[in-house]
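[1] can't give you the sequence, but here's the structure:
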Ligand code: ADP
């Protein structure tokens with residue numbers, strides 16, 4: 001039979017896998033064992049709903065055998081098996097699941113990323129084997145099939161007599177090389193250790209023929225070796241173990257085995273509640289953002305077990321959206337087994353667990369923020385954005401719950417600070433929590449509008465994410481202090497005594513500004529003298545709820561409503577440009593038009609807003625060079 005080729009993309013993944021520079025090649029065994037365990041789970045499920053099927057636990061197990069002479073390692077299971085179509089579908093194309101995006105392949109540095117991110121478990125066998133055979137017979141089928149592949153050039157499928165339902169994966173282990181010892185995958189002691197390390201909690205027995213010694217009969221000190229089939233895993237899931245007996249490494253292994261992420265988790269929570277509703281949970285806070293996290297494809301949820309039996313792969317009702325980055329498992333004895341999605345949503349026990357977990361996650365994050373700021377900053381740079389969405393979502397329903405987890409960059413401290421830290425060191429005469437919104441902190445540092453505020457010794461928070469200002473508007477205040485944008489037309493600082501010095505000038509000023517307002521009609525609501533500018537000649541501020549930064553964000557939204565900020569052009573009357581304006585007003589109106597246009601465009605540039613007519617602006621600059 002002709003060899004079938006792997007799909008083009010699959011071939012690339014296989015190439016990377018085969019030539020993987022990944023050092024922990026041993027994890028291929030973990031991958032095969034979890035597939036075997038899933039296959040047994042599938043029969044278990046079936047038995048729950050199919051009266052004709054009787055699940056007798058003792059018939060279900062995973063077995064590992066070796067044949068050193070022929071360099072074979074065999075992983076067998078008595079699970080559900082695969083039909084011919086399933087073989088083709090599951091093993092002919094790598095990771096068809098929606099999460100596998102081949103465009104991201106270019107970003108992948110080595111095989112480890114692939115395994116971690118996409119879970120192409122089965123194919124990791126090619127890291128240690130030259131040839132992989134799959135013998136399988138599906139439940140309810142008379143016939144079995146044999147799938148054979150020697151790597152990237154393709155695979156074949158043939159009919160095959162298989163006595164029992166289930167799957168055997170037969171690897172022909174590679175010869176040792178200078179860099180790699182492959183023989184260890186044929187050594188039962190080594191294999192036993194790998195199973196213990198990665199697959200100890202698998203719910204079904206993993207059987208292996210292990211080497212043993214015993215006292216020789218009739219002697220007192222002579223020993224003989226023999227082999228015996230033993231179950232090498234403890235079968236107790238990690239969440240049911242006592243956390244005092246577990247090390248960080250155990251949790252990290254569990255995290256990788258479950259494909260929760262390629263990174264090491266930043267932190268874990270192990271919860272065992274023995275109250276009215278009993279449950280165990282192991283939750284993780286990842287360090288890195290999953291590649292699809294901020295996309296529609298990402299699905300939140302925790303694995304849900306009922307007394308050790310998986311009932312849902314990803315139960316979304318256990319996590320609010322703002323904690324959707326949490327990975328982990330929940331197991332409760334008090335849940336019924338055959339739950340449908342609709343029933344689950346209303347399940348009171350589940351709601352209780354969800355509420356409980358939400359509090360625990362927040363506590364964990366708060367502790368991290370207090371006691372390990374560096375870690376929290378790492379977390380926050382990945383998922384802070386999600387917390388801010390949480391403040392904003394559902395019209396601010398959970399804003400009070402989340403507000404203490406927020407951090408922003410401080411002009412004064414030059415690092416991220418919490419709102420509590422900000423408000424606790426506010427001078428007595430400061431009435432507002434000041435913030436500046438813009439593209440980057442470098443830009444905000446130079447913003448003319450902040451001058452008078454920072455001069456007073458007040459701290460300004462820099463908002464550089466599009467969601468920031470929206471979230472803060474929803475929050476409104478923190479510890480009874482309102483938030484105030486440095487660009488709002490009234491910043492509540494009455495600092496400019498110098499404005500009074502020019503009172504005599506008031507009438508002319510009024511006329512000039514009226515003239516300018518008219519010239520800029522439709523673009524701004526008014527021109528006024530600035531109370532906040534010290535060294536800069538001009539800036540924009542806004543009146544009302546929509547800020548200039550919000551206008552920019554809204555403009556970039558798909559169905560934007562063309563919502564505009566109500567802009568005010570502020571002129572520093574102590575700056576020498578004001579003298580020039582006055583001069584022009586009295587002597588040369590064309591010049592005043594020119595200056596007005598220039599100042600307005602300068603203010604747009606400072607705000608990072610696009611110029612309406614860059615060519616005109618450029619020509620106008622040339623004009624003043626004449
Ligand atoms: P994943 O397990 O992440 O889906 P794999 O490449 O490891 O990816 O496996 C692909 C699919 O092949 C599995 O989802 C499963 O349907 C099937 N499969 C793999 N191993 C077995 C097995 N031992 N028994 C039954 N089906 C299996």
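    The structure has been received and is ready for your questions. Predicted, not measured: the structure shown is a model, and the values here were computed from it.

[2] and residue 463, how far is that from the ligand?
    As for residue 463, its distance to the ligand is 40 Å (criterion: C-beta to the nearest ligand atom, to the nearest Å). C-beta here means a position set from N, CA and C on the backbone, and glycine is covered the same way.

[3] surely that residue and residue 472 touch.
    Yes - using C-beta atoms under 8 Å, residue 463 makes contact with residue 472 at a distance of 7.2 Å.

[4] give me the secondary structure label for residue 484.
    Under DSSP: H, G, I helix; E, B strand; the rest coil, residue 484 falls in the strand class.

[5] where does the stretch 101-250 of the chain dip in pLDDT?
    Scanning the stretch 101-250 of the chain with the threshold set as pLDDT under 70 gives 101-120.

[6] what segments of it are helices?
    Defined through DSSP state H, counting those that start in this stretch, the helices belonging to the stretch 101-250 of the chain, from first to last, are 111-118, 188-199, 248-257.

[7] and what of the stretch 251-400 of the chain?
    Under DSSP H, counting those that start in this stretch, the stretch 251-400 of the chain gives helices at 341-346, 348-371, 373-396, 399-402.

[8] so which of the ones you listed gets nearest the ligand?
    Each of those has some distance to the ligand by C-beta to the nearest ligand atom; the shortest is helix 341-346, at 21.2 Å.

[9] hmm, back to that, and the helices of the stretch 251-400 of the chain as JSON lines, adding distance to the ligand and mean pLDDT?
    Shown next, in JSON lines, are the helices of the stretch 251-400 of the chain (distance: least, C-beta to the nearest ligand atom, whole Å; pLDDT from 0 to 100):
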{"stretch": "helix 341-346", "distance to the ligand": "21", "mean pLDDT": "59"}
{"stretch": "helix 348-371", "distance to the ligand": "26", "mean pLDDT": "95"}
{"stretch": "helix 373-396", "distance to the ligand": "24", "mean pLDDT": "95"}
{"stretch": "helix 399-402", "distance to the ligand": "34", "mean pLDDT": "97"}
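
[10] of all those, which one comes closest to residue 228?
    Comparing the helices of the stretch 251-400 of the chain by their distance to residue 228 (C-beta to C-beta), the top pick is helix 348-371, with 42.2 Å.

[11] mind giving me the packing neighbours of that closest one?
    When contacts are defined as 3 or more C-beta pairs under 8 Å, 6 or more residues apart in numbering; DSSP states H and E, helix 348-371 sits against strand 267-274, strand 278-285, helix 373-396.

[12] list the buried residues in it.
    349-350, 352-354, 356-358, 361-362, 364-365, 368-369 (16 or more other C-beta atoms under 10 Å).

[13] residue numbers of this protein in contact with the ligand?
    On the criterion C-beta under 6 Å from any ligand atom, the ligand has as its neighbours in the chain the residues 31, 35-36, 39, 77, 79-82, 90, 119-123, 167.

[14] what about the nearest residue to residue 31 once chain neighbours are set aside, distance to residue 235?
    Across the structure, with C-beta to C-beta, 6 or more residues apart in numbering as the measure, the residue nearest residue 31 apart from its sequence neighbours is residue 121 (3.5 Å). The spacing between residue 121 and residue 235, counted by C-beta to C-beta, to the nearest Å, is 21 Å.

[15] which non-adjacent residue is nearest the closest residue to the ligand within the stretch 301-450 of the chain?
    Here the stretch 301-450 of the chain gets closest to the ligand at one residue, residue 313, 11.0 Å apart by C-beta to the nearest ligand atom. Residue nearest to residue 313 in three dimensions, not counting chain neighbours: residue 303, with 6.1 Å by C-beta to C-beta, 6+ apart.

[16] could you do residue 77 as well?
    Counting by C-beta to C-beta, 6+ apart, the residue nearest residue 77 is residue 36, at 3.5 Å.

[17] for the helix or strand harbouring the one you found, buried residues please.
    For residue 36, the host element (DSSP states H and E) is helix 27-49. Neighbour-count burial for helix 27-49, counted by 16+ other C-beta under 10 Å, picks out 27-37, 39-41, 43-45.
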